[in-house]
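Participant: I'll drop the sequence and a predicted model, then ask my questions.
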Amino acid sequence: AQKVTQAQTEISVVEKEDVTLDCVYETRDTTYYLFWYKQPPSGELVFLIRRNSFDEQNEISGRYSWNFQKSTSSFNFTITASQVVDSAVYFCALSEAGSGNTPLVFGKGTRLSVIA
Amino acid sequence: EAGVVQSPRYKIIEKKQPVAFWCNPISGHNTLYWYLQNLGQGPELLIRYENEEAVDDSQLPKDRFSAERLKGVDSTLKIQPAELGDSAVYLCASSLDSQETQYFGPGTRLLVL
């Protein structure tokens, strides 16, 4: 069965610090997708990135970067030079695609507080 | 492009009362999802529609929950009767098809007293 673990429940950093949010996943499928979503206080889940299991290249988008390592079943998310607007709950999620597309399974989320 | 629209944003009801949530997906998205999010948890799927057909409702408590997606566009999720434990956020999401990225609405925050 698929499972996503976000061991960090809450993280607090001072503005301009870098912060890494950890995500470890479990799946028996060889074809799957990994996601990160951001949930600000307004409640809406905002899509950040989708990565398929065959693409282990790291990705950078502005201050955001993602490190996908199949060897450790991890898909970590780093925010460089954090800002107050980055304060939110961040969710990592997994979807197995090899056997007919299973629904998104989310971790419990990491609450990030960026202090000015 | 407009995102997923949900209403109401907030709802307070007394237990045993009925309640309904409405969702309008992104235009052209064939797949629609309803999720339940409890406090401090990630969302959990309740039901998935491919057009007007419910293709995965295994997690929907069918004794009190029902959903419909008439004409394969808007969807309604209903609870009757509501219980105290139903207090949560109900999120709607849509995607072009079941293989594509899901985009979420703002959710309906339900409080049952």
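Facilitator: Nice, I can see it. Numbering: from 1, shown residues only, chains lettered A, B, ... in the order given.
Participant: tell me what A:Gln69 is bridged to.
Facilitator: Beta-bridge partners recorded for A:Gln69 (DSSP bridges): A:Ser74.
Participant: wait, it touches A:Gln57, no?
Facilitator: No. Counting by C-beta atoms under 8 Å, A:Gln69 stays clear of A:Gln57, with 11.3 Å between them. Heads up, the C-betas are built off the backbone N, CA and C, glycines and all.
Participant: ok, the two, which is more surrounded?
Facilitator: A direct count of neighbours by other C-beta atoms under 10 Å in any protein chain shown for A:Gln69 and A:Gln57 places A:Gln69 higher, at 11 against 7.
Participant: quick one: that one from A:Phe75, how far?
Facilitator: 8 Å (C-beta to C-beta, to the nearest Å).
Participant: can you list contacts of stretch A:55-70?
Facilitator: Where contact means C-beta atoms under 8 Å, 6 or more residues apart in numbering or on different chains, the residues beyond stretch A:55-70 that reach it are A:34, A:36, A:48-49, A:51, A:53, A:74-83.
Participant: for chain B, what is the nearest residue in chain A?
Facilitator: Per C-beta to the nearest C-beta, A:Phe106 is where chain A lies closest to chain B, at 2.9 Å.
Participant: mind listing the strands in chain B by residue range?
Facilitator: Secondary structure of chain B, counting by DSSP state E: strands at B:5-7, B:10-13, B:19-24, B:31-37, B:44-50, B:53-56, B:65-68, B:75-79, B:88-95, B:103-104, B:108-112.
Participant: using CSV, lay out those together with mean neighbour count and distance to chain A.
Facilitator: What follows is the strands of chain B, written out as CSV (neighbours: other C-beta atoms under 10 Å in any protein chain shown; distance: least, C-beta to the nearest C-beta, whole Å):
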stretch, mean neighbour count, distance to chain A
strand B:5-7, 17, 9
strand B:10-13, 14, 10
strand B:19-24, 19, 13
strand B:31-37, 24, 7
strand B:44-50, 21, 4
strand B:53-56, 13, 6
strand B:65-68, 17, 15
strand B:75-79, 19, 16
strand B:88-95, 24, 6
strand B:103-104, 22, 4
strand B:108-112, 18, 7
